[in-house]
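Engineer: For reference, the sequence and a predicted model appear below.
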Amino acid sequence: MADIITYLWPLIWILLGVVAIIVPVLLGVAYLTYYERKVMSAMQRRQGPALVGPFGLLQPIADGLKLLGKEWIIPSGANPVVFIFAPFLTFFLSLVAWAVIPFSAKLVLADINVGLLYLYAISSLGVYGLIMSGWASNSRYAFLGGLRSAAQMVSYEVSMGLIMVSVLLCVGSFNLSKIIDAQRTVWFAVPLFPMFITYFISILAETNRHPFDLPEGESEIVAGFFTEYSSMNFACFMLGEYANMIMMSGVACILFLGGWLPPFNFWIFAPYVQMVPGPIWFGIKIAALLFVFIWARATLPRYRYDQLMRLGWKVFLPLTLFWLILTASVLEIFGWLPKTGL
């Protein structure tokens, strides 16, 4: 028996780590909906959730229980296998990306040397769930939403990839922990500020958020790729979208805002900011970026689709290419290129 436990202990430890990541992420997704509704209500001078529990804090739990009790409806002309599988694929991909996210110097499930490449691959796969749902629904509105989502995500992933390469040139490694360690002196958001802004706008488009929520354009295609979905199928799409928002904000923090590293880590501030654990700083930075997600939804009008494509291909692509060449040139001229291999 002892030999079996010794043999299985690494697997048990990994499973415990997975649970320790998934449970907070799911709670974060649930309360991100509450956070969004409260922030938007404050911006629009109304109350927001206030009845279910103290200050409305139990509203996300009530919404989840309501969706669990709803009937599963599958359209008669839909492909039932693909129709049911698509939202669960989207939800699953939004969770597996967290395996390589470092919450502190030692708190990471899989500290692999190709962590950034892994994240880019997982984010690229996310489009398949939306295309499958649009096709399997046998609805012209859902199909149009799926096509829009595919074109939109592919367009902005090109710019995101070039931005990541600019960061990699400064670090010399795909390892996310090393990318954070390289920002102990100065966060990359300072020298790469245009790329930080471009990356943040790109993740708005990548997660189908305002003002780039064209795949869900209610004014012209009802609700886009999830028009025909109900109950937990619909909830999986929502969970996947909000989990992707948190994950993309975390990646932006890692690439440009120093990850778990505290701000103002100098002079008289250093002893005070170092008292706060790294995961807390990481969470605060993610919450700050999520606030901008919500702010954009509350204030900006939706882009037209031609404007969305023009921004991606005629503005962001040339800008990121130019900045990549500029970064490489500056690093080479001043001898700052890292000597370690990727």
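Structural biologist: Sure, I can see it. Note that the structure is predicted; figures quoted are calculated from it, not measured. Numbers count the residues shown, from 1 in each chain.
Engineer: who touches residue 64 in this structure?
Structural biologist: 30, 235 (Cβ atoms under 8 Å, 6 or more residues apart in numbering). Just so you know, the C-beta spots here come from the backbone N, C-alpha and C atoms, and that holds for glycine as well.
Engineer: Can you list the buried residues in the host helix or strand of it?
Structural biologist: According to DSSP states H and E, residue 64 maps onto helix 59-68. The neighbour-count check on helix 59-68 (16 or more other Cβ atoms under 10 Å) flags 59, 60, 63, 64, 67 as buried.
Engineer: Report the next helix or strand after it in sequence order.
Structural biologist: helix 80-96.
Engineer: what does that next one rub up against?
Structural biologist: 22, 25, 74-75, 122, 125-126, 128-130, 132-133, 135-137, 226, 228-229, 233-234, 236-237, 239-241, 243-244, 247.
Engineer: Need the mean per-residue confidence for that helix.
Structural biologist: Computed over helix 80-96, the mean pLDDT rounds to 84.
Engineer: heading toward the C-terminus, what's the first helix or strand past it?
Structural biologist: Helix 80-96 is succeeded, C-terminally, by helix 115-136 (DSSP H and E).
Engineer: Beyond that following helix, next helix or strand please.
Structural biologist: Immediately after helix 115-136, counting by DSSP H and E, sits helix 140-171.
Engineer: And that following helix, how far out from the chain middle?
Structural biologist: Put simply, helix 140-171 sits 12 Å off its chain's centre (Cα atoms, centre = their mean, to the nearest Å).
Engineer: With stretch 117-132 instead?
Structural biologist: Worked out by Cα atoms, centre = their mean, stretch 117-132 lies 11 Å from the chain centre.
Engineer: do stretch 117-133 as well
Structural biologist: Distance, centroid of stretch 117-133 to centroid of chain: 12 Å (Cα atoms, centre = their mean).
Engineer: buried ones in stretch 154-163?
Structural biologist: Across stretch 154-163, burial judged by 16+ other Cβ under 10 Å covers 155, 156, 157, 158, 159, 160, 162, 163.
Engineer: As JSON lines, those with pLDDT and distance to residue 315 would be great.
Structural biologist: Shown next, in JSON lines, are these (pLDDT from 0 to 100; distance: Cβ to Cβ, whole Å):
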{"residue": "155", "pLDDT": "85", "distance to residue 315": "11"}
{"residue": "156", "pLDDT": "87", "distance to residue 315": "11"}
{"residue": "157", "pLDDT": "86", "distance to residue 315": "15"}
{"residue": "158", "pLDDT": "87", "distance to residue 315": "12"}
{"residue": "159", "pLDDT": "89", "distance to residue 315": "9"}
{"residue": "160", "pLDDT": "89", "distance to residue 315": "14"}
{"residue": "162", "pLDDT": "91", "distance to residue 315": "13"}
{"residue": "163", "pLDDT": "92", "distance to residue 315": "13"}
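Engineer: For those, give me TSV that also has distance to residue 335.
Structural biologist: Listed next are the buried residues of stretch 154-163 as TSV, based on distance: Cβ to Cβ, whole Å:
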residue	distance to residue 335
155	36
156	34
157	32
158	30
159	28
160	28
162	23
163	24
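Engineer: Run through the residues that contact residue 198.
Structural biologist: Residue 198 neighbours (Cβ under 8 Å, 6+ apart): 159, 163, 316, 319, 320.
Engineer: That one and residue 204, how far apart?
Structural biologist: From residue 198 across to residue 204, the span is 11 Å (Cβ to Cβ, to the nearest Å).
Engineer: Does the spatially most central residue of the chain fall in a helix, a strand, or a coil region?
Structural biologist: Nearest to the mean C-alpha position of the chain, counting by Cα atoms, centre = their mean, stands residue 248 at 2.5 Å. Classification of residue 248 using DSSP: H, G, I helix; E, B strand; the rest coil returns helix.
Engineer: surely it meets residue 208?
Structural biologist: No: in this structure, residue 248 is not within contact of residue 208 by Cβ atoms under 8 Å, at 11.2 Å.
Engineer: which among the contacts of residue 198 gets closest to residue 274?
Structural biologist: The shortest approach to residue 274 among the contacts of residue 198 belongs to residue 163, at 29.8 Å (Cβ to Cβ).
Engineer: Quick check: nearest residue in space to the residue nearest to the centre of the chain, chain neighbours excluded?
Structural biologist: residue 203 (4.2 Å; Cβ to Cβ, 6 or more residues apart in numbering).
Engineer: which SSE is that neighbour in?
Structural biologist: Per DSSP H and E: helix 193-206 holds residue 203.
Engineer: Buried ones in that helix, by neighbour count?
Structural biologist: 195, 196, 198, 199, 200, 201, 202, 203, 204, 205, 206.
Engineer: which residues sit in contact with residue 112?
Structural biologist: Applying Cβ under 8 Å, 6+ apart, we find residue 112 in contact with 100, 118, 175.
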